[in-house]
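Visitor: any chance you could fold what I've pasted below:
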Amino acid sequence: MAANTDPESDIDAEGGQHGGVQSVDRALAVLEILARDGHAGVSEIAEEMHIHKSTASRLLGSLVSREMVYQNSERGKYQLGFGILRLASSIPGRLSLVREARPVLESLAEQYKETVNLAVLRSNYAVNVDQAMGPSTLATYDWVGSLTPLHATSSGKVLLAALSADEREQILKETGLPARTPRTFTNRGKLEKQLLDVSRQGYGVAREEFEIGLNSMAVPVYNHVGMVIGAVSISGPAFRFDPEKTPGLVEALKQAGLQISANMGYTRR
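Guide: The predicted model follows:
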């Protein structure tokens with residue numbers, strides 16, 4: 001029997017395991033090209049993938065039928081379709097912020113020997129939803145479930161800084177700026193100035209503002225559309241822990257926040 005020389009045979013054979021896997025692999029490659037370039041024609045795709053134009057055309061046709069790809073009627077180029085959005089939109093709801101953050105929290109706590117918390121905004125407060133304890137015997141307080149004031153904690157300042165002016169105004173109007181310690185910022189103007197620093201620097205700091213003897217630093221966590229959905233903080237006793245003077249901590253904390261954000265689907269722009 002003569003050898004099969006049809007260049008399409010490897011993807012056309014019904015039930016052929018090799019052909020099926022190769023078809024999937026090629027279809028994904030097409031999607032990656034369109035995601036990278038924004039749009040591409042049949043010839044461009046075929047040339048980059050080193051396949052026949054008829055193969056590229058059939059791959060695109062299959063993707064179009066599933067609404068993964070659509071053809072721009074004006075230029076004849078192909079682009080990603082709304083089917084991709086439907087698939088992508090189902091991912092964030094299935095991701096657990098606590099689950100995705102946990103290994104990062106533990107790694108940071110182990111590296112800096114202090115307590116690391118994950119907080120979210122709930123009912124005008126920063127609520128700690130997970131915690132990794134540093135090995136220090138002083139780091140024994142369990143903050144999980146604690147409601148902490150936004151204006152007096154590093155996590156709270158990060159969450160406040162991410163809000164619109166109207167949203168921040170509404171919250172602070174309801175909560176006020178009560179003093180937790182003599183160091184708490186109770187002047188709205190001074191607090192707003194600090195929130196501008198948080199936005200500019202990418203982190204917030206609280207020095208004995210929530211509790212005397214406790215310092216902390218926090219960074220934001222983003223979701224897949226770039227919205228702040230939480231804050232990661234590291235805290236320790238003021239007599240030994242000055243976050244801005246701890247070598248490498250600012251960058252390590254920012255990287256931790258970005259890692260959790262990436263786990264939640266965030267792509268740094």
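
Visitor: ok, residues contacting the helix or strand hosting Ser261?
Guide: Secondary structure from DSSP states H and E places Ser261 in helix 249-263. When contacts are defined by Cβ atoms under 8 Å, 6 or more residues apart in numbering, helix 249-263 is touched by residues 95, 97, 100-101, 104-105, 107-108, 111-112, 116, 118, 202-203, 217-223, 230-232, 234, 243-244, 266, 268. C-beta here means a position set from N, CA and C on the backbone, and glycine is covered the same way.

Visitor: over to stretch 24-35?
Guide: Outside stretch 24-35, the residues that touch it by Cβ under 8 Å, 6+ apart are 11, 40, 44-45, 48-49, 51, 55-56, 59-60, 62-63, 68-69, 78-80, 84.

Visitor: before we move on, back to that, just the ones of the contacts of helix 249-263 in strands?
Guide: Filtering the contacts of helix 249-263 for membership in strands, criterion DSSP state E, returns 116, 118, 217-222, 230-232, 234.

Visitor: how close does the closest residue to Leu177 other than its chain neighbours sit to Phe241?
Guide: Of all residues not flanking Leu177 in the chain, Thr186 sits nearest, at 4.5 Å (Cβ to Cβ, 6 or more residues apart in numbering). In this structure, Thr186 and Phe241 are 24 Å apart, going by Cβ to Cβ, to the nearest Å.

Visitor: for the record, mean pLDDT for stretch 120-127?
Guide: The predicted model assigns stretch 120-127 a mean pLDDT of 87.

Visitor: buried sites along that stretch?
Guide: Under the neighbour-count criterion of 16 or more other Cβ atoms under 10 Å, stretch 120-127 has 120-121, 125-127 buried.

Visitor: CSV please, covering those and showing secondary structure and distance to Lys193.
Guide: What follows is the buried residues of stretch 120-127, written out as CSV (DSSP: H, G, I helix; E, B strand; the rest coil; distance: Cβ to Cβ, whole Å):
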residue, secondary structure, distance to Lys193
Val120, strand, 25
Leu121, strand, 21
Tyr125, strand, 22
Ala126, strand, 20
Val127, strand, 26
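
Visitor: what would those residues look like in JSON lines with distance to Arg26?
Guide: Formatted as JSON lines, the entries for those read as follows, by distance: Cβ to Cβ, whole Å:
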{"residue": "Val120", "distance to Arg26": "42"}
{"residue": "Leu121", "distance to Arg26": "44"}
{"residue": "Tyr125", "distance to Arg26": "51"}
{"residue": "Ala126", "distance to Arg26": "48"}
{"residue": "Val127", "distance to Arg26": "47"}
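
Visitor: that older thread, how about the helix holding Ser261: buried residues?
Guide: Under the neighbour-count criterion of 16+ other Cβ under 10 Å, helix 249-263 has 249-250, 252-254, 256-261, 263 buried.

Visitor: for the stretch 51-200 of the chain, what spans make up the helices?
Guide: Counting by DSSP state H, counting those that start in this stretch, the stretch 51-200 of the chain has helices at residues 53-65, 82-89, 97-112, 154-161, 165-175, 188-201.

Visitor: tell me the mean pLDDT for the fifth one?
Guide: I take that to be helix 165-175. Helix 165-175 comes out at a mean pLDDT of 90.

Visitor: mind saving the C-alpha coords of it as CSV?
Guide: The C-alpha atoms that make up helix 165-175 are tabulated as CSV, following Å, rounded to 0.1, in the frame of the first residue of the first chain:
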residue,chain,number,x,y,z
ALA,A,165,-13.3,59.6,46.3
ASP,A,166,-17.1,59.1,46.6
GLU,A,167,-16.8,55.6,48.0
ARG,A,168,-14.1,56.7,50.5
GLU,A,169,-16.2,59.7,51.5
GLN,A,170,-19.3,57.5,52.2
ILE,A,171,-17.3,55.0,54.4
LEU,A,172,-15.4,57.6,56.4
LYS,A,173,-18.7,59.6,56.9
GLU,A,174,-20.2,56.5,58.5
THR,A,175,-17.2,55.3,60.5
